[in-house]
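**Student:** Just the structure for this:
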Amino acid sequence: PDNHPKTKKMKSRLSLLSLLIMVLSIASCSLSRKPDKPNVIIVFLDDSGWADFEPFGELVLETPHVSQLAAEGTSFHNFYVPQAVCSASRSALLTGCYPGRTKVFGAHGPNAWGLDTTFATMGEVFREAGYATAAFGKWHCGDQPETRSHARGFDETCGLMYSNDMWKHHPEAPEYWGQWPLSYWENGEVIIEEVDHADQKNLTRWYTEHAVDFIKRHRKEPFLLYVPHSMPHVPLYCSDAFEGLSGKGLYWDVMLEIDWSVGEINQTLKDLGLDQNTILIISSDNGPWISYGNHAGITPFREAKGTTFDGGIRSACIIKYPPGMEAGAVSERTFFSVDLLPSLCQVADIPLPGNEIDGMMIWDYIKGTAGAENPQAYYPFSNNRNFEGIISGDGRWKLHLPHAYRILETGGADGIPGKYGIARIDTALYDMKADPYESSNVISDYPEVAAKMIRLAEGHALKFYTEE
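**Tutor:** Alright, predicted model coming up:
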């Protein structure tokens, strides 16, 4: 009978045995289960200056949310893009390929094919690995059906297909740009046929709201979120809540709203318990467009957007990832945007794309693992279709090949650009550790270094810039 003492004892032993088996089973599953794949968020600004945010350069404006991100992550002072222009820079980030490989140069206008579909985007790579993907912001990698963001690996999309100044209100060529409507897209469809001033004021807010909503809806699965803001590219706009808030002019009002956007994303991750397993990156496609004067950002380096001096191709960068990135650190390690795709794949244990890429898996080097070195012998930089030089993989040496470049002759103001002139540089070598402002050509002082750098540059030119 059930109430017999021997029966009760046997049941008790069976219960304990069942409990032990269950505990061992759970422990076994826990030990064999792979850690969750990290989420990835990249906030990519447009024409932001290296010194626009509080953690970089001299303090111009307090940006508390970006400063908080820097306190929680690592600030990289020697992060570069291979070309200081919109389409080329964005395509390099998304594919891990140099412009010389993809042949995406400069800034594409409307009705442009853009990034060829033979080059896989970050969206395609991560979606293939089971990630939910989204791109909210300025695309600028092609506006044809096959090359729009919604067709290039991003499940959810919204924003502009190209720069926000490519419209009928352009200060210098309204008739030309007015031939095509500047449209606002969402999930592959035009939502606003022709963007007006009121719409432009809402772009930063719209992108941010979409980003926050996406994070909330996909919090239980790995996701890749790309937020390429249209700002602070001219024409400058911010929502009413930020207009006049900085007390320093419209540009800084815009930067305050971007700072708010970063804070909204970072706080959402914390609220949902996702910030410990999310790689959050913020940077810019290139340096400031200085011809716009008070509507442009700040860089301490030589020249600016549209050149291959560091004012153009060096961008501020912060990476937060608590399991693998030191909080509050400042790094002088040099790497280029093309390394992000393969390095993120490395962390997430995702296969690289099938096409050949130029970036490398250098996550250990980026995060500062003891003894880790950059395997990249050099990084090339270019301006439109012109290959103009290389930087050594350790970031010390920078070689400029002979080329013309633009210099600002007359500054602009309040949305009206100034005038550029043309200057020229001959073969020049700079010691970037001693002279980050590229002010003293030391090619005659280091002939062996110069010879090695020239050989590397010639080899790169033969590989990528020789007509078939």
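
**Student:** how far out from the middle of the chain is stretch 60-75?
**Tutor:** 17 Å (CA atoms, centre = their mean, to the nearest Å).

**Student:** Which residue ranges of the stretch 51-200 of the chain form strands?
**Tutor:** For the stretch 51-200 of the chain, the strands defined by DSSP state E, counting those that start in this stretch occupy 74-80, 132-136, 156-160, 184-186, 189-192.

**Student:** wait, what's in contact with the closest residue to residue 327 other than its chain neighbours?
**Tutor:** Nearest non-adjacent residue to residue 327, counting by CB to CB, 6 or more residues apart in numbering: residue 72, 5.4 Å away. (C-beta placed from N, C-alpha, C; glycine too.) Applying CB atoms under 8 Å, 6 or more residues apart in numbering to residue 72 gives the contacts 266, 275, 320, 322, 327-328.

**Student:** returning to that earlier point: I'd like to know which of the strands of the stretch 51-200 of the chain lies nearest to residue 235.
**Tutor:** Distance to residue 235, taken as CB to CB, is lowest for strand 156-160 among the strands of the stretch 51-200 of the chain, at 12.4 Å.

**Student:** Restricting to C-alpha, output the closest one in PDB.
**Tutor:** These are the backbone C-alpha positions of strand 156-160, laid out as PDB (Å, rounded to 0.1, in the frame of the first residue of the first chain):
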ATOM      1  CA  GLU A 156      13.900  46.800 -41.800                       C
ATOM      2  CA  THR A 157      14.900  50.100 -43.200                       C
ATOM      3  CA  CYS A 158      14.000  53.800 -43.300                       C
ATOM      4  CA  GLY A 159      15.600  57.100 -44.400                       C
ATOM      5  CA  LEU A 160      17.100  58.800 -47.400                       C
END
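
**Student:** Which helix or strand lies directly C-terminal to the least confident helix or strand in the chain by mean pLDDT?
**Tutor:** Averaged element by element with mean pLDDT, DSSP states H and E, the chain has its least confident helix or strand at helix 5-32 (a mean of 47). Counting by DSSP states H and E, the element after helix 5-32 in chain order, helix or strand, is strand 39-45.

**Student:** neighbouring contacts of stretch 123-136?
**Tutor:** Outside stretch 123-136, the residues within contact range by CB under 8 Å, 6+ apart are 37, 40, 94, 149, 152-159, 206-207, 210-211, 214, 218, 221-228, 341, 345, 348, 350-353.

**Student:** Just the buried subset of those, please.
**Tutor:** 37, 40, 94, 149, 152-159, 206-207, 210-211, 214, 218, 222-228, 341, 345, 348, 350, 352-353 (16 or more other CB atoms under 10 Å).

**Student:** ok, residue 51 - contacts?
**Tutor:** With CB under 8 Å, 6+ apart, residue 51 has these contacts: 57-58, 60, 297-300, 316.

**Student:** need the helices for the stretch 251-400 of the chain, in chain order.
**Tutor:** 310-313, 340-348, 363-367 (DSSP state H, counting those that start in this stretch).

**Student:** want to try JSON lines for the ones you listed, with mean pLDDT and distance to residue 414 as columns?
**Tutor:** Below are the helices of the stretch 251-400 of the chain laid out as JSON lines (pLDDT from 0 to 100; distance: least, CB to CB, whole Å):
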{"stretch": "helix 310-313", "mean pLDDT": "98", "distance to residue 414": "22"}
{"stretch": "helix 340-348", "mean pLDDT": "98", "distance to residue 414": "35"}
{"stretch": "helix 363-367", "mean pLDDT": "98", "distance to residue 414": "40"}
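
**Student:** Need the winner for burial among those.
**Tutor:** Comparing those by mean neighbour count (mean count of other CB atoms under 10 Å), helix 310-313 ranks first with a mean of 28.

**Student:** Give me whichever of the strands of the stretch 51-200 of the chain is most buried.
**Tutor:** strand 132-136 (a mean of 26).

**Student:** Just want the angle from that one to strand 39-45.
**Tutor:** Orientation check (axes from the mean of the first three to the mean of the last three CA atoms, to 10 degrees): strand 132-136 against strand 39-45 gives 10 degrees.

**Student:** Use 145 as the first number from now on
**Tutor:** Sure thing, new numbering starts at 145, so read that last one as strand 276-280.

**Student:** pretty sure residue 458 is in contact with residue 447, am I right?
**Tutor:** No. Residue 458 lies out of contact with residue 447 (CB atoms under 8 Å); the separation is 10.7 Å.

**Student:** Would you mind telling me which of these two has more residues around it?
**Tutor:** residue 458 (26 against 22; other CB atoms under 10 Å).

**Student:** Which residues are in contact with the more buried one?
**Tutor:** 194, 222-224, 431, 443, 445.

**Student:** CA-only coordinates of stretch 563-580 in CSV, if you can.
**Tutor:** Taking Å, rounded to 0.1, in the frame of the first residue of the first chain, the C-alpha atoms of stretch 563-580 are listed here in CSV:
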residue,chain,number,x,y,z
LYS,A,563,35.4,78.8,-51.9
TYR,A,564,38.1,76.2,-52.3
GLY,A,565,41.5,76.6,-54.0
ILE,A,566,43.9,74.0,-55.2
ALA,A,567,47.2,73.1,-53.7
ARG,A,568,49.7,70.3,-54.5
ILE,A,569,51.8,68.0,-52.4
ASP,A,570,54.8,66.0,-53.8
THR,A,571,55.9,62.7,-52.4
ALA,A,572,56.0,63.2,-48.6
LEU,A,573,56.6,61.1,-45.5
TYR,A,574,55.2,62.0,-42.1
ASP,A,575,56.0,60.6,-38.7
MET,A,576,52.5,60.5,-37.3
LYS,A,577,53.6,59.8,-33.8
ALA,A,578,55.8,62.8,-33.6
ASP,A,579,53.8,65.0,-36.0
PRO,A,580,50.1,64.0,-36.2
